[in-house]
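> Got a predicted structure here, sequence first:
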Amino acid sequence: MAVEPKDSPGVGVDEWVARSVERKEYMPGWRGDAQRALERVGWWPRLGLAAAVGVFIPLVIGLNSFQTQVGIDALLLAILALGLNVSVGWAGLLDLGYIAFYGFGAYGFALLSSNQLNPPNGIHWPAYFSIPLVMIGAAVLGLCVGWPSRRLIGDYLAIVTLFFGEAFVEFTNNVAPSKLGGPNGIFALDPLHGFHVQILTPTGYFYVLLALLVASMAVLHMLDTSRMGRAWRAVREDPLAASAMTIPVNRVKLMAFAIGAMIAAMAGAVFAAQQTSVFPTDFDTPYLILIYAGLILGGAGSLSGAVVGGLVVSIVLDGFLRSPNQSGYIFYGVILVTLLLKLRPWSRVAFVIVGTIVFGFIVHAIVGAIWPSATAGITGANNTWTDLHWAIVPANPVTFGNICFVALLCMVVVLAQVHHRWRTILLIPTLYLAACAWEARLSQVPAITRLLLLGAILIVVMAWRPAGLLGARRVEIV
Amino acid sequence: MTKFIQELVNGLTQGGLYALVALGYSMVYGVLKLLNFAHGDIYMVGAFVGYFVLQWFGGPTALAVPVPFVILAMFLVAGGGMGALGVAIERFAYRPLRDAPRIAPLITALGVSFLLENTMLLLFGASFRDYNTSAFIPYSTEIRIGGVHIWIVQIMVIVLSVALMYGLQVLVTRTQLGRQMRAVATDREAAEMLGINVDYTISATFFLGSALAGIAGVMAGLAFNEIYTLMGFILGLKAFTAAVVGGIGSIPGAMLGGFLIGLAEAFITGYVSSTFTNLIVFGILIVFMIVRPTGLLGRVQLQKV
Amino acid sequence: MKVRMSLAALALTALVAAGCGSSNSSSSASSASSTQAASGGSSASKSCAASIGIEAPLTGQVAVLGQEQLAFAKLAIQDDNKANGTNITLVQGDTQLMPAQATTVTQQFISNSKIVGVVGPAGSQEVEAVGPLFGRAGLAFISGSATNPTLTTSGKNATFFRTVSRDDVQGPEDANFIVKTLHPKALMIIDDQEVYSTGLVSAMLPVFQKAGIKVDHESVSQKVTDFSSLVAKVTPQTTVVVLPWQVAANAQQFGKNLAQQHKNATIVGTDGTFSPSSFTTAGSYVSSFGPDITAIPADASIVAAAKQAFPKFGTFGPPVYAATHVLDEAIATACKSGSPSRDNVLSAVKATDESSSILGQPIKFDSKGDMENAKWFLFKIDKSGKYNLVTGS
């Protein structure tokens, strides 16, 4: 993974910092020019531009209810990744209990907007009152959870926060079922309302969340460039040095927890209003994993990285991978793009692609001649390849598909170990195996495939860009 | 008193499994500073491998060969197979990230975890599979102390897990490989300069840790019968907890942490409230960690300036 | 930082645009390819094409439940397409039993105009979350496993139906049986911290209290597979352990833990544990809202096919088969009277009146969406693991 240019100064040397501007990489040609031009525009206009794009997309294209829902999910994940970025990305505190703040916001809002408390009429406070209240509560909770960070460092802090996250789920699931509803959750919540306005439609929530996302980005950007932001990064890099520079390390850490918690609670409140119900299972570890995946995939420590990561993970996972057709496009598309990007020179790309096609026809012809039943299968969803007499799909494809899949995994591991000519040659049967496994098995079980692809994407992206899509490569000080 | 001893045995059995899986966590963490969240899933795959070995010998009700031989075969195949799987995962997924920011391999580990869980779901379906251990090791092969019934499998789990941990401790402290591991754990670059083959040492660590998880999976199958594709998730969390509570990186610590959590769960379920078991265990652990921030046997790290 | 902000804007645009583009194209693609799945193949069938969505936990902690439901839904569609000459396809939606995911899947189904009816979602809490959405879209949805009474009594889920009985039917029946037949002095009841379980427990507890039985109410997560520390709490006076769980394999393990510690308590399971292939602890009782379908001669062919598709099926599949069948018939009826639109299918589902079904009882919905004349059966498991009918109403 040595990607440093040869003449770069040594790691940890002053020169590294001094020459940071020189190292700034621009893409070649017009893309670099565009990049420079955009940089000159300044920060506010660019955020405004991004917001405007977000506003106009639904107006111009006309999202249906599913696409709007995916947009809501994506914006929620983006906001949550933003909040997580404060403690994980900036302050360098591994907070595995972050999901609890989201849950706290949702439950807090639910209690203040339903009949649960103070029966029979309940409490139905307007959103402009309940959401800030919930956020303040979350901030206090964040201070409490952050308290151990005064003494605990690194992974010991991670485990304590993980306990806190798990304890939150246990708490909502088991304590005071008459108020918190136990596993039944709380439902029939008020939608967001206040000033004689009620938000009822998914599109409405899309815009609310968009506004909140833009506002959070703006606030966090200002924090990032303020004293506080610099203090966070100083504490992340070296707490001892930071405290020597008179930075109040503990207070700075607590602030990171509190601000992250407020953002999460805000997202939680809107989530609860949008779903009009809250349940403990929505705030369990699997969703925390998604938030982390979004943040780190996008690039921890970078605002836009967190947002893009959150959007990408959510849109890919919910928008594309939920139906077999779209996940088919993703599957073949990603393979093709990877080939085009990674294989050099072009002649090799052509060799592999043509080779795979020819290889497929030959194998299909041979297998079809020996066992006609082995190529008799028709898959329900995506049968273009089998119509071409190319991929092998037997009449009963389950076992065959499973074998193909296992063989594919083995081949991928082998491919990672061999080099040069062998890699190019072995790539051909590997690609063919991938197509067979997809057509015979994976396209038939979209739910399982969705998570398999998520796993594969996480591994590949992290290997490709360890600092995340938009994250800055950080120097580990030795 | 009967109940007390019974809960003690239950807690130790469960704790032994936690401890074995925690060992792998702790070893890998020691050499790579990596939280390998896929470790619990290796335990799950190990349980499945053991199940298929059992089927290979004729299934629980019609074993073709003597029982001890079958169990030995299950341990060897699952242990060896999972060791190999661990090495493969390390080479393929973690090695490219060895110099990456510390948080990146965390996400890779989650990706590996998704892949393992769902590959098993794809290949073997969602149904629970049943070791049905009592068909070949009946509950009557037991030690009876008054009203307490201790099944031979429970004894095996406890004894074997302690023995494996002792063996591992000896390996780490006395052998050449162990010295290499400790050298890599202390300072990877310095170890490399001293001529230690770091890649080999890390692979060996993954092999040992994953083999222990595989053996723990078979033990879980034997002791608790039902296995399924997500059984590693919750156990992985518990083992992670055990490793940290014991002092991450410390082998006796992981063992102690595992037994401690197993016992805490059993006694709280038995004497306080099963509804709030997890809540109370988490509460105790949070307080404990605040009081003792580096775990039971973790060393306070001196900060170099 | 600044470059990245702009890249963020670009990526956002590209993603959303790509998302819209490909979603639109896919709905047409799916309709084009869906014709392949029809097994009828007659030319008349082309006129009655529609899709049914299924919401179930196909992955995650209770994938065992969702995959069983999916297998039965597929079977039902295959059988009915053959019988009715229709061309109905199934669209899968994985919810992992999480309401938030169910919401997303529901919106996906609602915006897919091919889908005219939905099977599921599996969990009561999911129905709570998505019921109003389906109601606004006028889309009929039939759950085969959501048993919480308030789903129908609250009146908020206008297009909701179910092919299972409610907790307040099953719970008291089970409890009365335990009180009257098993005469325990003390019993232990363990919920698995899920909606289904806590619902049944709260329906049973009053009956036990009224009968003056000493009740030890415990609780254990369904993710756990070792119950030895709970079993150690079973006292000699405790002769009955009630397990209202949804994972039958866990009940089986509980039975083994009992045997290992030589406790003589009798297990009483609810319909969630009804699974002749997974829960076979001799001497236990299991209740169910339907008879054992493996013992119904008319269901023999379905049972044979189901054993192929999902060998260890239990209680979650058959009601989903029934639910899917109701939708299939409704679509066929709607086709005859016009087009299989959502409105027509909804009114056909409301008018469902089947004299017999896979569940061994007629299916007819009352005005709220519950099955009329919900029945209750109780089985005892014998030494060989066979389920023998004890009583039924």
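Nice, thanks for sending it over.

> burial measure for A:Arg348, as a count.
Residues near A:Arg348, counting by other C-beta atoms under 10 Å in any protein chain shown, number 16. Every C-beta, even on glycine, is put in place using the N, C-alpha and C of the backbone.

> Name the residues that touch the helix or strand encompassing it?
Element membership for A:Arg348, per DSSP states H and E: helix A:346-370. The contact list for helix A:346-370, computed with C-beta atoms under 8 Å, 6 or more residues apart in numbering or on different chains, reads A:339-340, A:343, A:374-375, A:389-392, A:424, A:427-429, A:431-432, A:435.

> Buried among those? Need that as a selection in ChimeraX.
Only the buried entries of these go into this ChimeraX selection, using 16 or more other C-beta atoms under 10 Å in any protein chain shown:
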select /A:339,343,374,375,390,391,392,424,427,428,429,431,432,435
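
> Can you tell me which of the contacts of helix A:346-370 end up in helices?
Residues of the contacts of helix A:346-370 located in helices (DSSP state H): A:339-340, A:424, A:427-429, A:431-432, A:435.

> so what's residue 169 up against?
The chain I'm using is chain A. Contacts of A:Val169 by C-beta under 8 Å, 6+ apart are A:100, A:103, A:280-281, A:283-284.

> actually chain C
C:289, C:374, C:376.

> Closest to chain B out of those residues?
Ranked by distance to chain B (C-beta to the nearest C-beta), the contacts of C:Val169 are led by C:Phe289 at 22.4 Å.

> can you tell me the residue of the stretch 251-400 of chain A closest to chain C?
Closest point on the stretch 251-400 of chain A to chain C, by C-beta to the nearest C-beta, is A:Ser304, at 3.4 Å.

> my guess is that residue contacts A:Leu470, does it?
Yes - counting by C-beta atoms under 8 Å, A:Ser304 does reach A:Leu470; the two are 5.7 Å apart.

> where does C:Thr266 sit relative to chain B, distance-wise?
Separation of C:Thr266 from chain B (C-beta to the nearest C-beta, to the nearest Å) stands at 18 Å.

> Just read off the phi/psi values of that residue.
The phi/psi pair for C:Thr266 (degrees, to the nearest 10) reads phi -90, psi 130.

> What of A:Ser114?
In terms of degrees, to the nearest 10, the main-chain angles of A:Ser114 are phi -150, psi -170.

> Now it: closest residue in space that isn't a chain neighbour?
What sits nearest to A:Ser114 in space, not counting adjacent residues and going by C-beta to C-beta, 6 or more residues apart in numbering or on different chains, is A:Leu189, at 5.0 Å.

> Does the one you found lie in a helix or a strand, and which?
Counting by DSSP H and E, A:Leu189 is found in no helix or strand.

> what's near enough to touch B:Thr229?
Neighbouring residues of B:Thr229 by C-beta under 8 Å, 6+ apart: B:44, B:117-118, B:120-121, B:124, B:126, C:63.

> Can you classify it by secondary structure?
Recorded secondary structure, B:Thr229: coil (DSSP: H, G, I helix; E, B strand; the rest coil).

> Show the pLDDT at it.
pLDDT, B:Thr229: 91.

> Now do the same contact list for A:Tyr102.
Contacts of A:Tyr102 by C-beta under 8 Å, 6+ apart are A:80, A:264-265, A:267-268, A:271, A:283, A:287.

> any idea how far C:Val116 is from it?
A:Tyr102 is 36 Å from C:Val116, where distance means C-beta to C-beta, to the nearest Å.

> hey, which helix or strand in chain C has the poorest pLDDT?
helix C:2-34 (a mean of 39; mean pLDDT, DSSP states H and E).

> Adding pLDDT, distance to A:Val349 and neighbour count, write the contacts of C:Val169 out as JSON lines.
Below are the contacts of C:Val169 laid out as JSON lines (pLDDT from 0 to 100; distance: C-beta to C-beta, whole Å; neighbours: other C-beta atoms under 10 Å in any protein chain shown):
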{"residue": "C:Phe289", "pLDDT": "79", "distance to A:Val349": "60", "neighbour count": "25"}
{"residue": "C:Ala374", "pLDDT": "76", "distance to A:Val349": "64", "neighbour count": "19"}
{"residue": "C:Trp376", "pLDDT": "83", "distance to A:Val349": "66", "neighbour count": "19"}
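
> Tell me which entries of those residues lie within strands.
Per DSSP state E, strands hold no members of the contacts of C:Val169.

> returning to what we had before: what packs against the following helix or strand past the least confident helix or strand of chain C?
Using DSSP H and E, the helix or strand that follows helix C:2-34 in sequence is strand C:49-56. Secondary-structure packing of strand C:49-56 (3 or more C-beta pairs under 8 Å, 6 or more residues apart in numbering or on different chains; DSSP states H and E): helix C:2-34, helix C:63-84, strand C:87-94, helix C:99-111, strand C:115-119, helix C:317-337.

> one more time with 6 Å, if that's ok
On a contact count with 3 or more C-beta pairs under 6 Å, 6 or more residues apart in numbering or on different chains; DSSP states H and E, strand C:49-56 meets helix C:63-84, strand C:87-94, helix C:99-111, strand C:115-119.

> Tell me which of the ones you listed is the most buried.
strand C:115-119 (a mean of 28; mean count of other C-beta atoms under 10 Å in any protein chain shown).

> do it and chain A meet?
No - judged by C-beta under 6 Å from any C-beta of the partner chain, strand C:115-119 stays clear of chain A, getting no closer than 10.9 Å.

> Check the offset of the host helix or strand of B:Leu237 from the chain's centre.
Element membership of B:Leu237, judged by DSSP H and E, is helix B:231-246. Between the centre of helix B:231-246 and the centre of its chain there are 8 Å (C-alpha atoms, centre = their mean, to the nearest Å).

> which residues of the stretch 101-250 of chain A fall in helices?
For the stretch 101-250 of chain A, helices defined by DSSP state H, counting those that start in this stretch occupy the ranges A:127-146, A:154-174, A:177-180, A:202-224, A:227-237, A:239-244, A:249-275.

> need the residues of chain B near chain A, please.
Within reach of chain A by C-beta under 6 Å from any C-beta, chain B has these residues: B:88, B:92-93, B:96-97, B:99-101, B:103-104, B:107-108, B:110-111, B:114-115, B:118, B:121-123, B:244, B:275, B:278-279, B:282, B:285-286, B:289-290, B:293, B:303.

> Which residues of the stretch 251-400 of chain A lie near chain B?
A:289, A:293, A:296, A:300.

> between those, which is nearest chain B?
A:Ile296 (4.7 Å).

> which ones are touching the closest one?
Residues in contact with A:Ile296 (C-beta atoms under 6 Å, 6 or more residues apart in numbering or on different chains) are A:468, B:103, B:107.

> Now, the residues you listed that are in helices?
Filtering the contacts of A:Ile296 for helices - DSSP H - leaves B:Ile107.
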